[in-house]
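**Q** Have a look; sequence and predicted model below, questions after that.
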Amino acid sequence: MKNSEKITKGETIAKTISDLVFNLCFWWVLLVSLVDHYLTIKLQETILTAEKNPLGIFLIKADNGSVALFMTLKMAFLWVIYFFLLNIYKVKKMYALVPLAFLSIFQLLLVFYFFWEPNPSGLP
């Protein structure tokens, strides 16, 4: 094995840490998305009064007040984003980790919004 082909201990640790960060961030995003889906389905009778996403409101109205179309598209695009970032991660880790970290922070803000924003629709 040539010197340039040897993988150092530091490189192995860095790869392990970046793999861990990628996985933890995605699992966090998935968990928050699942809670969002649960609450949206649970509160679908009053969701139009609380929903702030104009596209979500449009999709709910387009589906005659049901959240099925909205939730299906949200979950489908979550998986599209995951596989897109996973493929980028395989080529250039930082190009995938940075947007995933921002998405994770956004999900954290969403959690704060879920549980601390006064809401007339009965969210916890």
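**A** Everything's here; your move. Since the model is a prediction, treat every value here as computed from it, not as a measurement.
**Q** Contacts only, for Tyr95.
**A** Tyr95 sits next to Ile88, Tyr89 when contact means CB atoms under 8 Å, 6 or more residues apart in numbering. (Glycine included, C-beta is placed from N, CA and C.)
**Q** Return the set of buried residues in the strand or helix carrying it.
**A** Secondary structure from DSSP states H and E places Tyr95 in helix 93-116. For helix 93-116, the neighbour count (16 or more other CB atoms under 10 Å) marks Lys93, Ala96, Leu97, Leu100, Leu103, Ser104, Gln107 as buried.
**Q** now do stretch 42-60
**A** For stretch 42-60, using 16+ other CB under 10 Å, the buried residues are Leu43, Gln44, Ile47, Glu51, Gly56, Leu59, Ile60.
**Q** send the alpha carbons of the helix holding Tyr95 over as CSV?
**A** Output in CSV follows, covering the C-alpha atoms of helix 93-116 (Å, rounded to 0.1, in the frame of the first residue of the first chain):
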residue,chain,number,x,y,z
LYS,A,93,-19.7,15.0,2.9
MET,A,94,-19.8,18.7,3.8
TYR,A,95,-22.1,19.6,0.9
ALA,A,96,-24.7,17.3,2.5
LEU,A,97,-23.9,17.9,6.1
VAL,A,98,-24.4,21.7,6.0
PRO,A,99,-28.0,21.7,4.5
LEU,A,100,-28.9,18.8,6.8
ALA,A,101,-27.6,20.7,9.8
PHE,A,102,-29.8,23.7,8.8
LEU,A,103,-32.8,21.4,8.3
SER,A,104,-32.2,20.0,11.8
ILE,A,105,-32.1,23.4,13.3
PHE,A,106,-35.3,24.4,11.4
GLN,A,107,-36.9,21.2,12.8
LEU,A,108,-35.8,22.2,16.3
LEU,A,109,-37.5,25.6,15.8
LEU,A,110,-40.6,23.7,14.6
VAL,A,111,-40.6,21.8,17.9
PHE,A,112,-40.5,25.0,19.8
TYR,A,113,-43.3,26.3,17.7
PHE,A,114,-45.4,23.1,18.3
PHE,A,115,-45.1,23.3,22.1
TRP,A,116,-44.7,26.9,23.0
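**Q** Thank you kindly, that will do.
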